[in-house]
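Visitor: curious how this folds, go ahead:
(chains A, B and C)
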Amino acid sequence: MAQETQFVLSSFSFLIWGVLIMWMCAGFTMLESGSVRTKNASVICLKNVGLYAIAGLMFYLIGYNLMYTGVDDLIGSFRLSYGTSEAEKALLAGDGGSVAEVVGNGNSVMSDWFFQMVFVATTASIVSGTLAERVRLWSFFVFVAVLTGFIYPVIGAWTWGGGWLDQMGFQDFAGSTIVHSTGGWAALAGAMIVGARQGKYREDGSVKFTPPSNVPVVTLGVFILWMGWFAFNGGSQLALSGVVDAVAVSNILVNTNLAACGGFIAAIALSRPIFGRIDLMASLNGAIAGLVSITAGPDIVDHYWAIIIGAVGGVICSLGMKTLEQMRVDDVVGAVSAHLFAGIWGTLAVCIAAGGNLLVQIVGILAIGAFVFSASMLVWLAIKQIMGVRVTLDVERHGQDVAELGIEAYPEFVVLQDPDL
Amino acid sequence: MAQETQFVLSSFSFLIWGVLIMWMCAGFTMLESGSVRTKNASVICLKNVGLYAIAGLMFYLIGYNLMYTGVDDLIGSFRLSYGTSEAEKALLAGDGGSVAEVVGNGNSVMSDWFFQMVFVATTASIVSGTLAERVRLWSFFVFVAVLTGFIYPVIGAWTWGGGWLDQMGFQDFAGSTIVHSTGGWAALAGAMIVGARQGKYREDGSVKFTPPSNVPVVTLGVFILWMGWFAFNGGSQLALSGVVDAVAVSNILVNTNLAACGGFIAAIALSRPIFGRIDLMASLNGAIAGLVSITAGPDIVDHYWAIIIGAVGGVICSLGMKTLEQMRVDDVVGAVSAHLFAGIWGTLAVCIAAGGNLLVQIVGILAIGAFVFSASMLVWLAIKQIMGVRVTLDVERHGQDVAELGIEAYPEFVVLQDPDL
Amino acid sequence: MAQETQFVLSSFSFLIWGVLIMWMCAGFTMLESGSVRTKNASVICLKNVGLYAIAGLMFYLIGYNLMYTGVDDLIGSFRLSYGTSEAEKALLAGDGGSVAEVVGNGNSVMSDWFFQMVFVATTASIVSGTLAERVRLWSFFVFVAVLTGFIYPVIGAWTWGGGWLDQMGFQDFAGSTIVHSTGGWAALAGAMIVGARQGKYREDGSVKFTPPSNVPVVTLGVFILWMGWFAFNGGSQLALSGVVDAVAVSNILVNTNLAACGGFIAAIALSRPIFGRIDLMASLNGAIAGLVSITAGPDIVDHYWAIIIGAVGGVICSLGMKTLEQMRVDDVVGAVSAHLFAGIWGTLAVCIAAGGNLLVQIVGILAIGAFVFSASMLVWLAIKQIMGVRVTLDVERHGQDVAELGIEAYPEFVVLQDPDL
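Guide: This is a model prediction of the structure:
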């Protein structure tokens, strides 16, 4: 293949995959807005559009350079605004002399920026689901700015940016740990600082059942995520420059799908023993957990391992949801179970069929977990001190939609009042 | 074009088209969950996610080999687990010597597997719509496993796999019969065994009007299907290896769109004479029927024929919906009309402008119809014997959501109770 | 790169981008059906599917030739049915001799047709939102036929078709004016002829608050539009024939995203001063306005300008919504503000960083505005004379869904009756 053709195909595929990953934000939004109670559905929508906008700006202004530009061991450079390469600028301005330099990069630097940017947004999306229904809108936005501008880029520098974990041989193909566990740790820290929703855990030890308010919308969200995941994992091959890439990406998409199938089937099959009924949310989360699980090593060639890894992920997610509930950690959509727990499993599972070193994987999981969790705790605590993290009891009662936005998500529909509040 | 470039483009386009066809599952889900009554909307969501997961596993474990590997006249081979070709495995393992063999195949075998797998799921999606609101969850899943693991692959072996119908010259470019009629026959058999919804056909001969419960969600589903159909038909060119393919695929997308436009316009224009009012569901189904109709021969070069074929399909669908209702066959979403009736028409229409042989087309339609319908009948009857196919009257009254899943699709919304039940 | 490879890539990218732009129709549909009151949600869905079908047929039958075939200064040719080029027909029929001619065009003519067709539909989508809840279904369809078959193609001939504005140097990369302002002017003319919704502007000077009836669906629509816009702007590079195109498209996608981020952030930040609260609709429209604003010049290389241009667009949209309300022009979804006002700004903004000539841009804006607005006025007035444009007061009270379609969008849900009607 001509080098020029390789360049065009790699850049174009980055863009197409990137568009599909951006679409995952809509998936998270639907999953979350259908999962919360109707009185908080507008705010969660606004949070999700907002987090994508904030992530896009923060990653442009600070994040990308911190993650990828001149990384030594720990971080890249603090430099405002990532920009098109000078060679690409010259080429667009008509200077044909810069073609060789541009092509030498393998793909357009801006196509890479676009692809990396949509990954950041995914991390933030995970947080919004867990903390729904009680975290304040602006407090959440501030956290997102820090997460996408600093916390995630630092982790990214350690790994994909070529830092110390990468040098050690840490393997995380598309981000079971780097993206999903990072989001999960940040969400878990938030859940601990913000606390459970009013009335979720009753004094008598029982747990209030808070089913999704709009199941078709939740299901749509799951389909969008499943769809986008093909891009998430397939695009992480990071090139489409020849036969090897084409075969590798094809293989990745097949594994990604099989893992999701395995996760769903395992979760629905075990939902009666675990939850006492066919649990819709646990089954759907099982598919997501299957996807998260295969994300660290979707490039394995033995497809049956993808099914098994996904299935185990689905079970871990179900058990995680059950456990967190018993620990009285309130995770509205089960994001910590699906993204953090299954993400840890997926990162370990790389040792089964994708050649990962168990010790290195554990070091990576622990180091990233420790950093993200403690950094997130600090940020959440700081936000709590400065502006508060949680809406008032009164706002929680009436819903964030009316209180923070002055509208309802479904203003014409007659909805039941929550008898507990 | 370099052979390597052809390989990369064909594989990549298989993947992109495949992702968009997978997305059609979300389209069916939205169409169906918006069409059923609210009390059954969660179960239909779960059925649709489940059927995609089951189809993906069954086609991997059994279906693909049965359809494509070593097909003589009737079936391929019974061999567990389709796998990456040894040459592709070697290539991914770093053995450059296998490139020639890999490239010789024209595209990555796993990209082809992915593309074929999403087709299977479409077939199963058709069934869930027709049987909504009364078929039992697990009984449906068992049928899906048989349909996607055996029935569809056998049909596929006869045709796309190179079996007897293919040798005879049967033409069905993207599956008006192979995919859509197959789904329609399976659904029709199911509708006959499972029976109509309680109260749908009253003793006095009148028919209970059961409008969609959530029209925006239905409409979203139609848009998703329309979108995905570009991939469904365009991808069925099965290659993007040069100028001819690029022109052919472009032509196919234009025809696909024009046929859908024709189907919609014809259906809405005739909805007053046929239904006595502007019928939203019939109009939307008209677009789908237009798409189904052009699916057997989207490669025609006279675009006006695409409009006409689609328009006739739209009319056939409307008349079919009316007729089935009069015959007291209960098809919740009109899938038999849109997929089976329009599919038959589309397969015949190949003789108009795409060079099909009328006799051969009829043989194909009849043979596939006879096999799928009778095999489906047997499977449905067996399931009925062993585990039952239908929920109890009581479950039907209260809705499958509460009875089978213990949740409601819209738990906070006040919904009207059906006065008949 | 081989010329053949260039041809395949340009054609394929036209198709992929085209599919994503078609998807924007679903975005408009969701945005609009979630914005209207529940009693009009079905009709707006049907209008949107219908307008896409009508646009597709009209552009095929008349529009494309009028816009692109043999354009002198003002219009192309009145010739029924655009068709595949003879060379492409010959190639598909197996005549290899026509390859050189086909390849010489740079891309498949039908891939270009497909791409241009989905643009037309966008224009019509803008109109349906503004006029929702009171324009008659068939009157709207007649207007759409004229808009997509004549008005838009004439504007298109002046500009992208190579007519007088193009010769003068008017710059509008992907259609801030050509698509979005055109839709906005047509909508504004319609709003003036059709009038405000009953009860929207009260005699005491106060304005009735009509919040969206289904916020998650509105949000979904915004995400779909944002997603499709990458294709809308990126595809407008009109080729993927080498390194320059790949870099240019990558750059365009980054700018498109940054502008939307800027629009959203600016709108939400200023929503309290402008609207007295965090306004969800204004914030979401801010993102859309940011996208519209960058559409005329997404090919700039200084990304920070994209943020600023988008942010200004977001503010203009918010102020426009406020102003139109004060002027008692009833625009249900804010489409005039987001598409027309931000479109004008975007077309002027081309002079900042993309080298546009201010005078020429103003001439283009005025000429297109004058033509589209007056032509639309004439058409709306003619429709008013012949068949009426507005539903009766009674229909408006009970909703178009029940009155025009005989169904409700959410028939099982208990909805509040509007106390004013």
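Visitor: where along the stretch 151-300 of chain A do the helices fall?
Guide: Ranges of helices in the stretch 151-300 of chain A, per DSSP state H, counting those that start in this stretch, are A:152-158, A:164-168, A:182-194, A:215-234, A:243-269, A:271-275, A:280-295.
Visitor: ok, now the stretch 301-421 of chain A?
Guide: A:303-326, A:335, A:342-353, A:358-386, A:393-398, A:400.
Visitor: can you say which of those is nearest to chain C?
Guide: When the helices of the stretch 301-421 of chain A are compared by Cβ to the nearest Cβ, helix A:400 sits nearest chain C, at 10.7 Å. C-betas here are computed from N, CA, C, even on glycine.
Visitor: tell me the helices and strands packed up against that closest one.
Guide: Contacts defined by 3 or more Cβ pairs under 8 Å, 6 or more residues apart in numbering or on different chains; DSSP states H and E place helix A:400 against no helix or strand at all.
Visitor: that older thread, now the helices of the stretch 301-421 of chain A in JSON lines, with mean neighbour count?
Guide: Converted to JSON lines, the helices of the stretch 301-421 of chain A look like this (neighbours: other Cβ atoms under 10 Å in any protein chain shown):
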{"stretch": "helix A:303-326", "mean neighbour count": "24"}
{"stretch": "helix A:335", "mean neighbour count": "29"}
{"stretch": "helix A:342-353", "mean neighbour count": "26"}
{"stretch": "helix A:358-386", "mean neighbour count": "17"}
{"stretch": "helix A:393-398", "mean neighbour count": "15"}
{"stretch": "helix A:400", "mean neighbour count": "26"}
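Visitor: using JSON lines, lay out those together with mean pLDDT.
Guide: Shown next, in JSON lines, are those (pLDDT from 0 to 100):
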{"stretch": "helix A:303-326", "mean pLDDT": "97"}
{"stretch": "helix A:335", "mean pLDDT": "97"}
{"stretch": "helix A:342-353", "mean pLDDT": "96"}
{"stretch": "helix A:358-386", "mean pLDDT": "98"}
{"stretch": "helix A:393-398", "mean pLDDT": "94"}
{"stretch": "helix A:400", "mean pLDDT": "96"}
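Visitor: circling back to that earlier point, winner for burial among the helices of the stretch 151-300 of chain A?
Guide: Using mean count of other Cβ atoms under 10 Å in any protein chain shown, the stretch among the helices of the stretch 151-300 of chain A with the largest mean neighbour count is helix A:280-295, at a mean of 32.
Visitor: and it with helix A:303-326, angle?
Guide: 130 degrees (axes from the mean of the first three to the mean of the last three Cα atoms, to 10 degrees).
Visitor: which residue packs closest to residue A:7, ignoring adjacent ones?
Guide: Distances taken as Cβ to Cβ, 6 or more residues apart in numbering or on different chains put residue A:103 closest to residue A:7, at 4.9 Å, once the chain neighbours are dropped.
Visitor: same check, this time on residue A:340
Guide: Looking at residue A:340 with Cβ to Cβ, 6+ apart, the closest residue is residue A:184, at 2.5 Å.
Visitor: same check on residue A:56?
Guide: Residue nearest to residue A:56 in three dimensions, not counting chain neighbours: residue C:261, with 4.3 Å by Cβ to Cβ, 6+ apart.
Visitor: isn't residue A:264 right up against residue B:51?
Guide: No. Contact criterion Cβ atoms under 8 Å: residue A:264 and residue B:51 do not qualify, at 10.6 Å.
Visitor: what does stretch A:189-196 rub up against?
Guide: A:127, A:130-131, A:134-135, A:143, A:328-331, A:336, A:372-373, A:376-377, A:380-381, A:384, A:389-390 (Cβ atoms under 8 Å, 6 or more residues apart in numbering or on different chains).
Visitor: likewise for stretch A:68-77?
Guide: A:65-67, A:79, A:82, A:116, A:153-154, A:156-158, A:160-164, A:167.
Visitor: before we move on, what about stretch A:84-99?
Guide: A:101-102, A:105, A:108-110, C:243-244, C:247-248, C:251, C:299, C:301, C:303.
Visitor: how about stretch A:310-327?
Guide: Applying Cβ under 8 Å, 6+ apart, the set of residues contacting stretch A:310-327 is A:207, A:258-267, A:270-271, A:274-275, A:279, A:281-282, A:285-294, A:331, A:334, A:336-338, A:341-342, A:345-346, A:349.
Visitor: tell me what angle the longest helix along chain A forms with helix A:280-295.
Guide: What stands out as the longest helix in chain A, according to DSSP state H, is helix A:3-35. Using the same axes, to 10 degrees, the inter-axis angle of helix A:3-35 relative to helix A:280-295 is 160 degrees.
Visitor: what packs against whichever helix or strand comes after helix A:3-35?
Guide: Reading on from helix A:3-35 to the C-terminus, the next helix or strand found by DSSP states H and E is helix A:41-58. Packed against helix A:41-58 by the contact rule (3+ Cβ pairs under 8 Å, 6+ apart) you find helix A:3-35, helix A:109-130, helix A:137-146, helix C:215-234, helix C:243-275, helix C:280-295.
Visitor: with distance to residue B:72 added, can I get those helices in TSV?
Guide: Output for these, formatted as TSV (distance: least, Cβ to Cβ, whole Å):
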stretch	distance to residue B:72
helix A:3-35	39
helix A:109-130	46
helix A:137-146	59
helix C:215-234	45
helix C:243-275	46
helix C:280-295	56
